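[1] Give the three-dimensional model of this entry:
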Amino acid sequence: MANHVLRGVTALVGLTVLASLGACTPGGRPDPATPPATEVTAPPRPDFCEVTLPASWREAIRAGRITQHPGQRTHVIAAAPDGTSVFANIERADASRQLTWLQDGGRRRTVATMPDQFTFALWGSFDGRWLVYALTDLSRAAPHGGGGADLYAWDSTGDGPPSRLLDQSSAAAIPVVRNGRAAWTQHTGGREFELHLYSLPDRRDRIIARGRVTDAQFVGEDLLWYDRSDGRVRAVSAATGETVPPPPLPAMATTAGLATDGLTTAWVTENQQELNVWRAGWPQAVRILRVTRPSPRPVSSPRPVPPATDAFSTVQQPAVARDLVVFERELAWYAADLRTGGYVRLTRDHGHAVNAPGVLTLAPVSEDEETYAVLSLERLPPLPGCRP
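    Below you'll find the predicted structure:
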């Protein structure tokens, strides 16, 4: 049951294909504040088509598999921004569980040992030094458990244990971390949220915004979010907390999720039915896909059509990396290619993905549902195009 709950919790993290986390070095990665290079010279046509996963992508996934020790199960919750390591729940044959840092070259370092087999880390974010993650247990994750989790921070350069940032957090989004600063939105009731900016070295918490704010992200050294109350994108300097002009973005009436790398911007409409993408210079945004509700089945059908707002008919959690847009749909993960106008399914049902700028960690990638792979989105060749 624990693994089922874990697979149902998704998170998004960052670059370089790894072969069992032992084949690459961190060098050569562009600064995240610099917009990535692109091969797209004109906007793609709207309404991308689904294509078959090409052999080159399959090989990249095989090459990036994370090796598991016999008798252990691995569930990744975060990845390093250089793509050379991941953090994962490691469940052993005796049902004990540890949060472990799986590093380049096959090295392992224990971050925390869970007090029992029912406690686990849900998701996290790592900036190369600081890891921020949520910790919960089955009593809270169960359908009538009330939800919530505790937020912890861990300094990978020290020898100390993780420290707790929040107790029984009602955090509504995955924390993002950059240069020792973490940000997350916290639910305060109804449709209201608080956006927190937390300095990890000096343990200082600031509330940056209140109201109908979305989850935040770092674009360079600025923190960016969308305010549903007035339909505007806002930004502050992460160093000072002062308001700064946001990057040029298209007008969005509403959005349930926004992602940008400074070059490409993708967002999901508030009803989670459409995924759109835009770049500066394009005359208008391009719709990648629209989820349409299937025609109702006869009343006598044993399988009623799910409502349009359930997890099977929504688009969620967009992320961008160069010419690719990654997103979750129907409990699986997909990537859309702006170079060709095609999109492809990467995981089976109840798949899990962790994404940061340029790196995707995903599972399942084989018949063994606990097998993960790390691959560089920026090095993947174009997907097949759509037939006229």
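[2] which regions of the stretch 101-250 of the chain lie under the pLDDT threshold?
    139-147, 168-173 (pLDDT under 70).
[3] how about the strands in it?
    108-113, 119-126, 130-137, 149-155, 163-169, 176-178, 181-189, 192-199, 204-211, 217-219, 222-227, 232-237, 243-244 (DSSP state E, counting those that start in this stretch).
[4] Distance from the longest one to the middle of the chain?
    Strand 181-189 has its C-alpha centroid displaced from the chain centroid by 16 Å (C-alpha atoms, centre = their mean, to the nearest Å).
[5] could you say what helices and strands that strand packs with?
    strand 163-169, strand 176-178, strand 192-199, strand 222-227 (3 or more C-beta pairs under 8 Å, 6 or more residues apart in numbering; DSSP states H and E). Placement of C-beta: from N, CA and C, glycine included.
[6] Tell me which strands the second one pairs with, and in which orientation.
    Same thing as strand 176-178. Here strand 176-178 is paired, per DSSP bridges, with strand 181-189 (antiparallel).
[7] I figured residue 185 hits residue 213, correct?
    Yes. In this structure, residue 185 is within contact of residue 213 by C-beta atoms under 8 Å, at 6.1 Å.
[8] shared neighbours of those two, anything?
    193, 194, 195, 225 (C-beta atoms under 8 Å, 6 or more residues apart in numbering).
[9] how about those, which pair is most distant?
    Taking C-beta to C-beta, the two most distant members of the shared contacts of residue 185 and residue 213 are 194 and 225; they sit 11.4 Å apart.
[10] Those two: who's more crowded?
    residue 225 (23 against 18; other C-beta atoms under 10 Å).
[11] sorry, back to before: which among the strands of the stretch 101-250 of the chain is found nearest to residue 381?
    Once the strands of the stretch 101-250 of the chain are compared by C-beta to C-beta, strand 217-219 is nearest, at 27.0 Å.
[12] all helices of this structure, in order?
    Taking DSSP state H to define them, one finds helices in the chain at 2-7, 55-63, 138-141.
[13] picking that back up, looking at the strands of the stretch 101-250 of the chain, which is closest to residue 250?
    For these, proximity to residue 250 was assessed by C-beta to C-beta; strand 232-237 is nearest, at 9.5 Å.
[14] Which residue, neighbours along the chain excluded, lies closest to residue 228?
    Nearest in space to residue 228, with sequence neighbours left out and distances taken as C-beta to C-beta, 6 or more residues apart in numbering, is residue 212 at 3.7 Å.
[15] Could you report the neighbour count for residue 56?
    12.
[16] burial of the residue nearest to it when sequence neighbours are not counted, as a residue count?
    Nearest in space to residue 56, with sequence neighbours left out and distances taken as C-beta to C-beta, 6+ apart, is residue 381 at 5.1 Å. Neighbourhood size, residue 381 [other C-beta under 10 Å]: 11.
[17] Need the strands of the stretch 101-250 of the chain in CSV (columns: distance to residue 58).
    As requested, the strands of the stretch 101-250 of the chain are exported to CSV (distance: least, C-beta to C-beta, whole Å):
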stretch, distance to residue 58
strand 108-113, 28
strand 119-126, 27
strand 130-137, 31
strand 149-155, 35
strand 163-169, 39
strand 176-178, 31
strand 181-189, 35
strand 192-199, 40
strand 204-211, 43
strand 217-219, 30
strand 222-227, 35
strand 232-237, 37
strand 243-244, 43
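[18] Between those, which one is closest to residue 77.
    strand 119-126 (4.8 Å).
[19] just the angle between that closest one and strand 149-155, please?
    With axes from the mean of the first three to the mean of the last three C-alpha atoms, to 10 degrees as the basis, strand 119-126 and strand 149-155 are set at 50 degrees to each other.
[20] Strand 119-126 pairs with which strands, parallel or anti?
    Using DSSP bridges, strand 119-126 pairs in its sheet with strand 130-137 (antiparallel).
[21] what sits up against the strand it pairs with?
    Here strand 130-137 makes contact (C-beta under 8 Å, 6+ apart) with 77-78, 87, 99, 101, 111-112, 116, 118-126, 148-156, 162, 165, 169, 171, 175, 177, 180, 182, 200.
[22] Mind checking which of these are buried?
    77-78, 87, 99, 101, 111-112, 118-126, 148-156, 162, 165, 169, 171, 175, 177, 180, 182, 200 (16 or more other C-beta atoms under 10 Å).
[23] Excluding covalently adjacent residues, which one is nearest to residue 272?
    With sequence-adjacent residues excluded and distances taken as C-beta to C-beta, 6+ apart, residue 272 is closest to residue 314, at 3.8 Å.
[24] Let me have the shared contacts of residue 185 and residue 213 in JSON lines, extended by distance to residue 269.
    Formatted as JSON lines, those follow (distance: C-beta to C-beta, whole Å):
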{"residue": "193", "distance to residue 269": "19"}
{"residue": "194", "distance to residue 269": "24"}
{"residue": "195", "distance to residue 269": "21"}
{"residue": "225", "distance to residue 269": "17"}
